[in-house]
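Chemist: Here is a sequence together with a model predicted from it:
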Amino acid sequence: DGKVDVEQTHFRTSDKTVYIECSPNCACRGKCKRKTFIQDAIQYRVELIMTKNRGFTCHVREPIPVGSYVCEFTGRVYKNSEDKEHNPLDSYSYTVSDMSGDENVTIVIDPFHHVAIMCVSHSRNCLEMSEPQEVLEFSADLQRTTARTRQTVRALKKLQLSTIKLEEEYYRRLHELDVEFQRRFNKLQEQRCAFVTGAKEPTDKDADIPLLHNADKEGLQKLEQAWDKENPDDGVRGVPKFWLLTLLHCETTAAMITPADKDVLAYLNDITCVVESNPPSFTLRFQFGLNEFFTNTVLEKRYVLSENADPENPFDYEGLSIFDCGATHIEWKEGRNVTKKVVEKKMRNSSTGEVKTTLKSVKTDSFFNFFDPPNPAHFADNDKAVYEALMSDFEIGLQIREEVIPRAVLFYTGEIADCQYDDCEIYEEEEEEEGDEEGNSEEN
């Protein structure tokens, strides 16, 4: 999106997004090589930093090739070892930090003239600039509005707050519907569990529809006859490994499953969802048969939701959002924990030179890390990595709830992927037809 997140370092920095590239309306010279649209312009990571004497400058976050253009200052990057003349009165020439790995080279930004970075005041004295400054984000058109127009815009924003209040009520009512209908879905899914586990044998009436809906009827009959010859009836009831294969046919969950996980998930009998209204939440329940890996018969993952907008950032409201999450602690049997692996670690005695090998248990990739989610309490520490991990975890939970559980049999048969692929083909064909029509109309 043409922006770079500014991170805190040992410099005093802005804690908001800073634009670091030239826009189409930039005041730089017409021949500037960085003159391009914001969406495409960004190439090098730099950050805005507060300087001791001149207010602020840029600090490179990664090596920048000599000759690159940096349009915050409409200039170029060069090495201080280059024989280059400078205007000593140029108040916007700065030496930037030494590049790591090359002690003899300092990167310098050499500007032709200054281009103001959005909302950073250059008139402040150094004392005022000693604290991080907020970099606002707004449309460039806003600065060309009158006081009367801005008064109207403020009224529009107040109306927007009223709209958000109405959206909060909408999502609250929507969640109440989820609670009601999930109970009805669960009754149907109880029948599915009985068929999958073999607790109930389906009658001919229960199964009087095609195995694959997109297949030719005669062709499908021939396929099933061939499959019957290759797989004679072994007396096993239900659908063996139904949920393992279902999860493997879903791209998101398949990426989480390791070879070791497959042996455990073979014991998975059912996945269900319980939706509650007080507090707003949903719980995923994974029911396992007796197995050699852990003693739990049910593993749960619970997500607590917030229906309300953040008072500090109400305009960011997009509906229900995750507030908290938790999961069942898995009681692994001795030596059967698939979320851990043992690695060798060699340590050398500095005095004797003797090398000693020790074994250490470390965390490894596993589907069952889903039951060890990030701690939302770390939000208070502004831990970006924890936030991103929690959002990713929430998206996985939502996909299991909204797609995998209600459409499990279609994932099992592989028809979900086929439907999505067919939709893409239809969409592409429509685009091509529209393009042909436009071309014909232009010729006419």
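Modeler: Perfect, I can see it now. Residues are numbered from 1 along each chain as shown.

Chemist: Please enumerate the strands of this structure.
Modeler: With DSSP state E, the ranges of strands along the chain come out as 46-50, 56-60, 69-70, 75-79, 94-98, 106-111, 268-277, 280-288, 298-306, 321-327, 340-348, 355-363.

Chemist: Where do the domain boundaries of this structure fall?
Modeler: What the TED database lists as the domains of the chain is 1-123, 149-413.

Chemist: buried residues in stretch 240-257?
Modeler: Of the residues in stretch 240-257, F242, W243, L244, L245, T246, L247, L248, H249, C250, T253, M256, I257 count as buried by neighbour count, 16 or more other CB atoms under 10 Å. Every residue, glycine included, has its C-beta placed from N, CA and C.

Chemist: should've said stretch 187-194
Modeler: Buried positions in stretch 187-194, judged by neighbour count with 16+ other CB under 10 Å: Q189, R192, C193.

Chemist: One more: stretch 295-315?
Modeler: Across stretch 295-315, burial judged by 16+ other CB under 10 Å covers N296, L299, K301, R302, Y303, V304, L305, S306, E307, N308, A309.

Chemist: From the rest of the structure, what touches that stretch?
Modeler: By CB atoms under 8 Å, 6 or more residues apart in numbering, the residues outside stretch 295-315 that reach it are 157, 160-161, 164, 168, 171-172, 175, 279-290, 316-317, 320-328, 330-331, 333, 370-371, 373, 394, 397.

Chemist: returning to that earlier point: which of the buried residues of stretch 240-257 sits closest to E415?
Modeler: H249 (9.5 Å; CB to CB).

Chemist: count of residues packed around T203?
Modeler: When neighbours are defined as other CB atoms under 10 Å, T203 has 8 of them.

Chemist: Hmm, I typed the wrong one, I wanted H329.
Modeler: H329: 11 surrounding residues under other CB under 10 Å.

Chemist: Not counting sequence-adjacent ones, nearest residue to it?
Modeler: Nearest in space to H329, with sequence neighbours left out and distances taken as CB to CB, 6 or more residues apart in numbering, is F371 at 7.8 Å.

Chemist: Next: E395.
Modeler: In space, and not counting its chain neighbours, E395 is closest to T252: 8.0 Å by CB to CB, 6+ apart.

Chemist: How about the contacts made by the nearest residue to K340 once chain neighbours are set aside?
Modeler: Of all residues not flanking K340 in the chain, S361 sits nearest, at 4.9 Å (CB to CB, 6+ apart). Contacts here follow CB under 8 Å, 6+ apart; on that basis S361 touches K340, K341, V342.

Chemist: Let me know the pLDDT of S361.
Modeler: You'll see S361 listed with a pLDDT of 87.

Chemist: do the same with the one 3 residues further on
Modeler: The model reports T364 with a pLDDT of 94.

Chemist: so the closest residue to it other than its chain neighbours bridges to which residues?
Modeler: Nearest in space to T364, with sequence neighbours left out and distances taken as CB to CB, 6+ apart, is K341 at 4.3 Å. Beta-bridge pairing of K341, defined through DSSP bridges, involves V362.

Chemist: go on, R285?
Modeler: Beta-bridge partners recorded for R285 (DSSP bridges): T272, E300.

Chemist: Spit out the contact partners of it.
Modeler: Applying CB under 8 Å, 6+ apart to R285 gives the contacts D270, I271, T272, C273, V274, V298, L299, E300.

Chemist: again, 7 Å this time
Modeler: R285 makes contact with I271, T272, V274, V298, E300 under the criterion CB atoms under 7 Å, 6 or more residues apart in numbering.
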